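**Q** Please work out how this folds:
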Amino acid sequence: MSDFKLHTLESAPEGSKPLLENSVKSFGMVPNLHAVMASSPELLLGYQTLHGLAQQTSFDADELTVVWQTINVEHECHYCVPAHTMIAHSMKVGADVIDALRDETPLPSAKLEALRNMTLSVVRDRGVVNAESVDAFYSAGFEQKNLLEIILILSQKVMSNYVNHLAETPTDAPFQEFAWQKSK
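**A** Numbering: from 1, shown residues only. The predicted structure follows:
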């Protein structure tokens, strides 16, 4: 299935060209994920919009990384785990959080662990989360708004994780040092 085109600014459909220009402004390059998504300007616009909205949620850098990486690891995304590892480092997230997410080991705080558990419940149970899980999430200090923000971020990650599975998106050179494979 890896016959998906990796578009450049020159080869992209007209509707994707300004979106890829945004990618270059944000990342200094066209990430391969965006290059694949460029075949559908609507998908790329939706992804970029959701990415921007995810960064505007009430989550701090550690919490946002927990939600992003929990979903990436659960979906076994060979591309997004390394990409978000680099992003987490740039956001000054501690190595203890980054490594625990990648290795599926305990996080350094009960609150972050509660966030990971709720994110996993939403993903695995497709939003049909039991009351005990929701109560534990709220007891950890989160609110209804945070629960809804997980769904926003999940929407973004479904786009990227599924595209990467379908397209077998090659990991960009800057992310390769953070290559990842799910531990069994």
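**Q** Can you tell me the closest non-neighbouring residue to the residue nearest the centre of the chain?
**A** Geometric centre of the chain, nearest residue: Trp68, 4.0 Å, by CA atoms, centre = their mean. Once flanking residues are discounted, Trp68 sits nearest to His84: 5.0 Å by CB to CB, 6 or more residues apart in numbering. Every C-beta, even on glycine, is put in place using the N, C-alpha and C of the backbone.
**Q** Isn't that neighbour up against Val73?
**A** No - when contacts are counted by CB atoms under 8 Å, His84 is not listed as touching Val73 (9.5 Å).
**Q** When these two are compared, which one has more neighbours?
**A** When His84 and Val73 are compared on other CB atoms under 10 Å, the one with more neighbours turns out to be His84, at 28 against 21.
**Q** can you tell me the helix or strand for the more buried one?
**A** Element membership of His84, judged by DSSP states H and E, is helix 80-90.
**Q** got the buried residues for that helix?
**A** By neighbour count on 16 or more other CB atoms under 10 Å, the buried set for helix 80-90 is 80-88.
**Q** how about TSV for these, with pLDDT added?
**A** Formatted as TSV, the buried residues of helix 80-90 follow (pLDDT from 0 to 100):
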residue	pLDDT
Cys80	98
Val81	98
Pro82	98
Ala83	97
His84	97
Thr85	98
Met86	96
Ile87	96
Ala88	98
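**Q** for this protein, which spans come out with low pLDDT?
**A** 1-2 (pLDDT under 70).
**Q** Please compute how far the biggest helix by length in the chain lies from its chain's middle.
**A** Counting by DSSP state H, the longest helix found in the chain is helix 144-167. From the chain centre to the centre of helix 144-167 is a distance of 7 Å (CA atoms, centre = their mean, to the nearest Å).
**Q** Now tell me what touches it from outside.
**A** With CB atoms under 8 Å, 6 or more residues apart in numbering as the test, helix 144-167 has contacts from 1-2, 4, 33, 36-37, 43, 46-47, 50-51, 53-54, 57-59, 64, 67-68, 71-72, 75, 77-80, 115, 118-119, 122-123, 127, 134, 137-138, 169.
**Q** So for it, what gets flagged as buried?
**A** For helix 144-167, by 16+ other CB under 10 Å, it's 146-147, 149-150, 153-154, 156-157, 159-161, 163-164, 167.
**Q** All set now, cheers.
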